[in-house]
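In: Any chance you could fold what I've pasted below:
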Amino acid sequence: MIKLYIIVRTDMASMNAGRVAAQCSHASNYFVKMARETIDYLEDPSDQFTKNFIEWENETDQGYGTVIVLDGGSKANIERLMDTMERDYLVGEVIDPEYPIQDGYVVHILKDVFTCAFAFQIGDQDVGALRGLELYGKD
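Out: Residues are numbered from 1 along each chain as shown. Predicted structure coming up:
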């Protein structure tokens, strides 16, 4: 079964459940955009990535497949992990262009905050790079 993995930063107190849901939505949308651009670039409907994406997309009648959300810990940890996966997965980092932080009655807007990443299997074998991560929210 082909899966889309979303790896969430959990080292920021501001990343509550609502924000995680929103950032995961951003990651899914970004993944689909990158996947379609990759398929257009490859122009080969028989390559393994295209087959994996079509299988994932057709898993449901609504056009999406299995998504697993993982606890990635810190930004540095996620970036290190993504660097090791670039050959076997389509990976992407989600950068929120305006990330509001409330401090009492004052709202600060942080620019370009790394919130999560995604990884989607390119080849026909899962390399298992994500096996050490826990599911998000698992206590």
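
In: How about the longest helix seen in the chain, which residues are buried there?
Out: If you go by DSSP state H, the chain has its longest helix at helix 17-42. Neighbour counts over helix 17-42 (16 or more other C-beta atoms under 10 Å) mark 19-20, 23-24, 26-28, 30-32, 35, 38-39 as buried. (Glycine included, C-beta is placed from N, CA and C.)

In: Quick one: mean pLDDT for the next helix or strand after it?
Out: Later in the chain than helix 17-42, the nearest helix or strand by DSSP states H and E is helix 48-57. When pLDDT is averaged over helix 48-57, the result is 93.

In: buried ones in whichever helix or strand comes after helix 48-57?
Out: The first helix or strand that comes after helix 48-57 along the chain, using DSSP H and E, is strand 66-73. Residues 67, 69, 70, 71, 72, 73 are the ones in strand 66-73 that count as buried (16+ other C-beta under 10 Å).

In: ok, the third one - contacts?
Out: Right, residue 70. Contacts for residue 70 (C-beta atoms under 8 Å, 6 or more residues apart in numbering) come out as 5, 6, 7, 8, 130, 133, 134, 135, 136.

In: And for the first one?
Out: Going by C-beta under 8 Å, 6+ apart, residue 67 touches 3, 4, 5, 6, 24, 28.

In: Just name the closest of those to residue 57, please.
Out: Nearest to residue 57 out of the contacts of residue 67 is residue 4 (C-beta to C-beta; 10.1 Å).

In: is it true that that closest one lies in a strand?
Out: Yes - counting by DSSP: H, G, I helix; E, B strand; the rest coil, residue 4 is part of a strand.

In: neighbours of it, just the number please.
Out: Other residues near residue 4 come to 24 when the count uses other C-beta atoms under 10 Å.

In: unless I'm mixing things up, it is touching residue 57, no?
Out: No - using C-beta atoms under 8 Å, residue 4 makes no contact with residue 57, being 10.1 Å away.
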